[in-house]
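Enquirer: I would like the atomic coordinates for the input below:
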Amino acid sequence: MNKMNLFNKCRKYNVVSFDIFDTLLKRDVFFPADVFKLVEKKYENSSQLKRSNFSEKRQIAEKKAKEISQYDEITLDEIYAEIDFSENEKKIFKQLELEMESAVLHKNPDVFDCYKRCVESGKNIYIVSDMYLPLDFLEGILRREGITEYKKLFLSCIYRKTKRSGLLFAAMCEEENISVKEMIHIGDSRYADFFGCRKCGIHGLHIKRNTMNTIYMKCFRNTENFAKRCLYSFVNTHVNEFSDRPFRLGYEVLGPIIYFYCQQLHKIVTKRKKNEKIWFAARDMFLFYKAYRHIFGEIEDVEYIYLSRKSLRPIYAQAVDNITKSGDIFARGLYSLREIIEYLEYTVEDVISDTDIDINIKKYDIRKLDQYPEVVKVLTSTVISEHEKELSFKGEKYLSEYNLFDQNIILADVGWHGTTQKILHKIQAKKNKEISLYGVYIGCLDGTKEKIGESNFKSLIFDEGDESWFAKGIILFESLILAPHGSTRCYEISNGENVPVLSEKEQISTFISDVQLGATKFIEDFSDSVLGELIKLNANAVSEAFEKMTCKPQKEELKAIGDIEYDNFYCNKIASPQRLIYYIVHLNELKKDFKYSPWRIGFLYRLFKIKLPYAKMYACIRHKQGKMT
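Expert: From the prediction side, this is the model:
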């Protein structure tokens, strides 16, 4: 039921009463008892106890207090009277419980909107709740959330009567002289808020307790993963405050991944204790750097460093004394000589005078350039050799200023194949073999361990060999985290300083910008919350929504992401196929476009325009191809 429909149901009534929990207010946790787990974690963290079993004991005590009570409702004091703790511990736990309840409670935007409309319409507002928490505590929470325009709060633990029995409603009507025919009550409990008020003739309006506001993030009631439950509930509660879909997408899909990465990176740095400098590598790690600074403050030896495989190429080639190793910066594949020359940012006219050389048709394996005499001749020409030395000199000075050659480095990067780390290690080892370079990555693909050594990096979301759906969407991910500046081309000395030379800034779409704003908002909200303090997120919990978007995208993301500009020599968009009828008569074009599409699952969805298990179909094709080769 949307905001307007909810208010329309109240129009003909002079008196409107609201339930509190899961109606006017929502918790950041999935189950009410999850609050007790937070209390347990908070206590154990502060007292350094390994296990207090508070959550279990608290639930047992509440059940026992209800069994022995002579009243319909119990109080918080009566619950704590049944807990097997010392009086001092009871006092501490009770205070912590109130603190945790306060920390996880927030107004419910949809119902709050109805409440405001009722106030503006001059209706008499009451609040009625079956709850053991103290009256002054709940009034304080309501006041904090902007809910102050009500006649009175009727609480079951004060009147010792419940909504479920109908007696609390009857007491309210008698005390306030309310006619049941002029009143409507809104709440999430079918038994207490609907049937309970009907018992004394009041019209009850039942609303859903668990409204799913997320797009891709899901959580099922029977999940045993406490962290996942809390993350979902937090996002589901807060994301409903925003109307912009890309913003909401960033809040639930991108934000948790960035937050988790920063937390794990900090944990690794703290555990290693090696006086290491952290390099957040431009430009994929721009949002991560901002997030890290927000969460942990202005820590020394944390830098956002401008580098790219392209800018490191001449330094690397000089370090290994082999210009043909420049091919290591390319993605694996076959390239024409023209493509090689232009990607290295030279012009064909400047480096080739021999008109008999085939620069367009013949293709070369980019990892074996030293095996082609004509390629070697071009790359070792005077024009290229002299310019490469100059680029290498300036680049080395830039890296030196950021302590590559005299301090241990942790490279914070997306990862994938670990090429940047391999290149930096070769450059570093040329001058100092005693220092280390350690990579902390989102994930790595096949061959990374062999390339840089298994002990030299850590992957946080997925590892090579994993059947990870995240790996199917790495180009999507890179597109969503694109920094608001161009890539690093090379380095130059300007006014006595070594500075990066950036390519022209790419036009970031409004969609990507809004996604990033949503991600940033999540990081701010979650890091400032009690969940950010106490919950240990895991890779599965934070990546599941992104994986679902990758494999089962909704139509809005299919177009918005599929149309993102992407240039890899062969295509210009992430997943933007021609019409199916075109491919029927141009089958080779279909094969080529599909092969070079960075998001093949999205390509298939947009091509056929019907929902099929494309991810599984694509995985099956890949598996069969692997067996055949």
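
Enquirer: got any ranges where this protein has weak pLDDT?
Expert: Across the chain, the ranges flagged by pLDDT under 70 are 1-4, 47-50, 221-223, 354-355, 567-571, 622-629.

Enquirer: Which neighbouring elements make contact with the longest helix anywhere in it?
Expert: Counting by DSSP state H, the longest helix found in the chain is helix 382-401. Applying 3 or more CB pairs under 8 Å, 6 or more residues apart in numbering; DSSP states H and E, we find helix 382-401 packed against helix 309-319, helix 348-351, helix 419-429, strand 488-494, strand 497-502. Where you see a C-beta, it was placed from the backbone N, CA and C, and this is true even at glycine.

Enquirer: Would you mind finding the most buried of these?
Expert: helix 309-319 (a mean of 23; mean count of other CB atoms under 10 Å).

Enquirer: Show me what that helix is in contact with.
Expert: 323, 325-326, 328-329, 343-345, 388-389, 391-392, 395-396, 399, 419-420, 423-424, 426-427, 429-430, 487-491, 500 (CB atoms under 8 Å, 6 or more residues apart in numbering).

Enquirer: what kind of secondary structure is residue 56 in?
Expert: helix (DSSP: H, G, I helix; E, B strand; the rest coil).

Enquirer: now swap in residue 446 and tell me
Expert: Three-state assignment for residue 446 (three-state DSSP): coil.

Enquirer: Correct me if wrong: it contacts residue 463.
Expert: No. Applying CB atoms under 8 Å as the test, residue 446 and residue 463 come out as separate, 10.2 Å apart.

Enquirer: who's more crowded, the two?
Expert: The neighbour comparison of residue 446 against residue 463 (other CB atoms under 10 Å) goes to residue 463, with 20 against 11.

Enquirer: dump the residue contacts of that one.
Expert: Residue 463 touches 443, 444, counting by CB under 8 Å, 6+ apart.

Enquirer: gap between it and residue 599?
Expert: Counting by CB to CB, to the nearest Å, the gap from residue 463 to residue 599 is 22 Å.

Enquirer: follow-up on the earlier one: what are the buried residues along the longest helix of the chain?
Expert: 384, 387, 388, 391, 392, 394, 395, 396, 398, 399 (16 or more other CB atoms under 10 Å).

Enquirer: just stretch 109-116 next, same as before
Expert: 109, 110, 111, 112, 113, 114, 115.

Enquirer: and which of those is nearest to residue 564?
Expert: residue 109 (30.4 Å; CB to CB).

Enquirer: ok, back up a step: check what contacts the longest helix of the chain and list those residues.
Expert: Contacts of helix 382-401 (CB under 8 Å, 6+ apart): 307, 311-312, 314-315, 317-318, 323, 344, 346, 350-351, 378, 405, 424, 427, 490-493, 498-500.

Enquirer: by how many degrees do that helix and strand 497-502 diverge?
Expert: On the basis of axes from the mean of the first three to the mean of the last three CA atoms, to 10 degrees, helix 382-401 is oriented at 120 degrees to strand 497-502.

Enquirer: can you give me the angle helix 382-401 makes with strand 488-494?
Expert: Using the same axes, to 10 degrees: helix 382-401 against strand 488-494 is 80 degrees.

Enquirer: which neighbours does the helix or strand following helix 382-401 have in its sheet, and in what orientation?
Expert: Per DSSP states H and E, the first helix or strand lying C-terminal to helix 382-401 is strand 409-416. Strand pairing for strand 409-416, determined by DSSP bridges: strand 277-281 (parallel), strand 437-444 (parallel).

Enquirer: In three-state terms, label residue 147 for me.
Expert: Look at residue 147: counting by three-state DSSP, its state is coil.

Enquirer: for it, what are its contacts?
Expert: Applying CB under 8 Å, 6+ apart to residue 147 gives the contacts 24, 107, 112, 115, 127.

Enquirer: Quick check: helices, which of these are part of them?
Expert: Judged by DSSP H, these include 112, 115 as members of helices.

Enquirer: okay if I get the contacts of residue 147 as a markdown table plus distance to residue 441?
Expert: Shown next, in a markdown table, are the contacts of residue 147 (distance: CB to CB, whole Å):
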| residue | distance to residue 441 |
| --- | --- |
| 24 | 44 |
| 107 | 39 |
| 112 | 42 |
| 115 | 47 |
| 127 | 50 |
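
Enquirer: which of the contacts of residue 147 lies closest to residue 70?
Expert: Comparing those against residue 70 with CB to CB places residue 127 closest, at 26.1 Å.

Enquirer: Could you verify my assumption that that closest one touches residue 24?
Expert: Yes. Contact criterion CB under 8 Å: residue 127 and residue 24 qualify, at 7.0 Å.

Enquirer: Show me whatever sits in contact with both of these two.
Expert: 18, 142, 147.

Enquirer: got these as a markdown table, with distance to residue 87 columns?
Expert: As requested, the shared contacts of residue 127 and residue 24 are exported to a markdown table (distance: CB to CB, whole Å):
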| residue | distance to residue 87 |
| --- | --- |
| 18 | 37 |
| 142 | 30 |
| 147 | 35 |
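
Enquirer: residues making contact with stretch 278-288?
Expert: Residues contacting stretch 278-288 (CB under 8 Å, 6+ apart): 254, 258, 261-262, 265, 269, 289, 292, 301-308, 402, 409-414, 420, 478, 481-488, 500, 516, 519-520.

Enquirer: Now do the buried residues in that stretch.
Expert: Within stretch 278-288, judged by 16+ other CB under 10 Å, the buried ones are 278, 279, 280, 281, 282, 283, 284, 285, 286, 287, 288.

Enquirer: From residue 536, how far out is the first one?
Expert: Residue 278 sits at a distance of 21 Å from residue 536 (criterion: CB to CB).

Enquirer: tell me how far stretch 263-278 is from the chain's mean position?
Expert: Stretch 263-278 has its C-alpha centroid displaced from the chain centroid by 21 Å (CA atoms, centre = their mean, to the nearest Å).

Enquirer: Revised request: answer the last question for stretch 101-117.
Expert: For stretch 101-117, the distance to the chain centre is 25 Å (CA atoms, centre = their mean).

Enquirer: Contact partners for residue 209?
Expert: Contacts of residue 209 (CB under 8 Å, 6+ apart): 22, 188, 189.

Enquirer: Any chance of JSON lines for the strands paired with strand 409-416, columns distance to residue 10?
Expert: JSON lines is the format used below for the strands paired with strand 409-416 (distance: least, CB to CB, whole Å):
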{"stretch": "strand 277-281", "distance to residue 10": "52"}
{"stretch": "strand 437-444", "distance to residue 10": "48"}
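
Enquirer: quick one, which of these is nearest to residue 242?
Expert: Nearest of the strands paired with strand 409-416 (CB to CB): strand 437-444, 25.4 Å.

Enquirer: That closest one to helix 419-429, inter-axis angle?
Expert: Using the same axes, to 10 degrees: strand 437-444 against helix 419-429 is 170 degrees.

Enquirer: can you give me the helices for the stretch 1-150 of the chain?
Expert: Ranges of helices in the stretch 1-150 of the chain, per DSSP state H, counting those that start in this stretch, are 3-8, 34-47, 54-68, 76-80, 87-104, 109-120, 135-144.

Enquirer: So which of those helices is nearest residue 469?
Expert: With CB to CB as the measure, helix 34-47 is the member of those nearest residue 469 (27.7 Å).

Enquirer: residues in contact with that closest one?
Expert: 27, 29, 49-55, 58-59, 92-93, 96-97, 99-101, 103-104, 226, 229-230, 233, 530-531, 533-534.

Enquirer: Please indicate which of these are buried?
Expert: Neighbour counting with 16+ other CB under 10 Å marks 27, 29, 52, 54-55, 58, 92-93, 96-97, 100-101, 103-104, 226, 229-230, 233, 530-531, 534 as buried within these.

Enquirer: If anything else comes up later, I'll come back, but that's it for now.
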